[in-house]
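Engineer: quick one, what's the 3D model for this:
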Amino acid sequence: MIENHLINSIYRATEGEGVFLGRPQIFVRYQGCAVGCINCDSKDTWTFDKDMNVSITEILERVYTEGRNGLIKNVSITGGDPLHPSHVPHVLELVKALKDRHYFVNIEAAGTRVVDEIFELVDYISFDFKTPSTGVKTPLKNIQKMNKDYEGRFQVKAVVADKTDFDAVLDAYKTLAVLEDTLEFPWVLTPCFNNEEKFPMQRFINVLSWNEENGGFFRVIGQQHKWIFGPDEKQV
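Structural biologist: Numbering: from 1, shown residues only. Next up is the predicted model:
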């Protein structure tokens, strides 16, 4: 067993975005992220706070109890950035333990790196494409590798704040369509819903319209948990 994990929180919630929208699951949120998205809604997870040490035994116990004593068998590993190099040994330990206990494991990936040793073990990868509003860039070679090596086991998610963001996603999709034989994975657009913001109805309408006008290559899926609980509520 390796040293303790840096954990921000472990909680049960219904998935609010992406292809698993509406599915109850347990979230294991790692503490520590160096990606630095400008519009991140979880900046409290950025610092690598050594006071947030949690043992693998406690993590598994909390996953079990939060999951209605084992009834809910879906786990999403998120952050922070669970794929930061300092987290990788810990996440590997956790994924192996969860799979031994027959959980379905999804990992939230920032899109900045492909970590084969983890991706080969999990059931599904939610892989970000960072748009200009985030201030971060996703190398297209990363999505190419996902498309080649993890067929049927991943989605690409992009947060869209404006037309510049949408155009960047569309350009990336069209570039990849030329480079790759097939692009059959789900590519999800999430209209941005910022902290302390009222429901962005017009932004949502705009993203729906832009998608339709340009061929409808994407699935537009909003952040259901923010509609219900507001954009600032945590652990929902």
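
Engineer: now do the buried residues in the longest helix out of those in the chain.
Structural biologist: Ordering each helix of the chain by length in residues (DSSP state H) puts helix 163-179 first. Buried positions in helix 163-179, judged by neighbour count with 16 or more other CB atoms under 10 Å: 165, 166, 168, 169, 170, 172, 173, 176. Any C-beta I mention is one placed from the backbone N, CA and C, and that applies to glycine too.

Engineer: what sits up against it?
Structural biologist: 129, 131-133, 138, 140, 143-144, 147, 158-160, 183, 187, 189, 192, 206-207, 210-211, 214, 217-218 (CB atoms under 8 Å, 6 or more residues apart in numbering).

Engineer: so residue 207 belongs to a strand, correct?
Structural biologist: No: read with DSSP: H, G, I helix; E, B strand; the rest coil, residue 207 is helix and lies in no strand.

Engineer: from residue 157, how far off is it?
Structural biologist: According to CB to CB, to the nearest Å, residue 207 and residue 157 sit 13 Å apart.

Engineer: quick revisit: with distance to residue 68 added, can I get the buried residues of helix 163-179 in JSON lines?
Structural biologist: Shown next, in JSON lines, are the buried residues of helix 163-179 (distance: CB to CB, whole Å):
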{"residue": "165", "distance to residue 68": "38"}
{"residue": "166", "distance to residue 68": "39"}
{"residue": "168", "distance to residue 68": "41"}
{"residue": "169", "distance to residue 68": "37"}
{"residue": "170", "distance to residue 68": "41"}
{"residue": "172", "distance to residue 68": "40"}
{"residue": "173", "distance to residue 68": "39"}
{"residue": "176", "distance to residue 68": "40"}
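
Engineer: distance to residue 36 and pLDDT for those residues - can I get that in CSV?
Structural biologist: Shown next, in CSV, are the buried residues of helix 163-179 (distance: CB to CB, whole Å; pLDDT from 0 to 100):
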residue, distance to residue 36, pLDDT
165, 17, 98
166, 22, 98
168, 18, 98
169, 20, 98
170, 24, 98
172, 20, 98
173, 24, 97
176, 25, 97
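
Engineer: next secondary structure after the lengthiest strand in the chain?
Structural biologist: Secondary structure assigned by DSSP state E gives strand 5-14 as the longest strand of the chain. Scanning forward in sequence from strand 5-14 by DSSP states H and E, the next helix or strand is strand 24-30.
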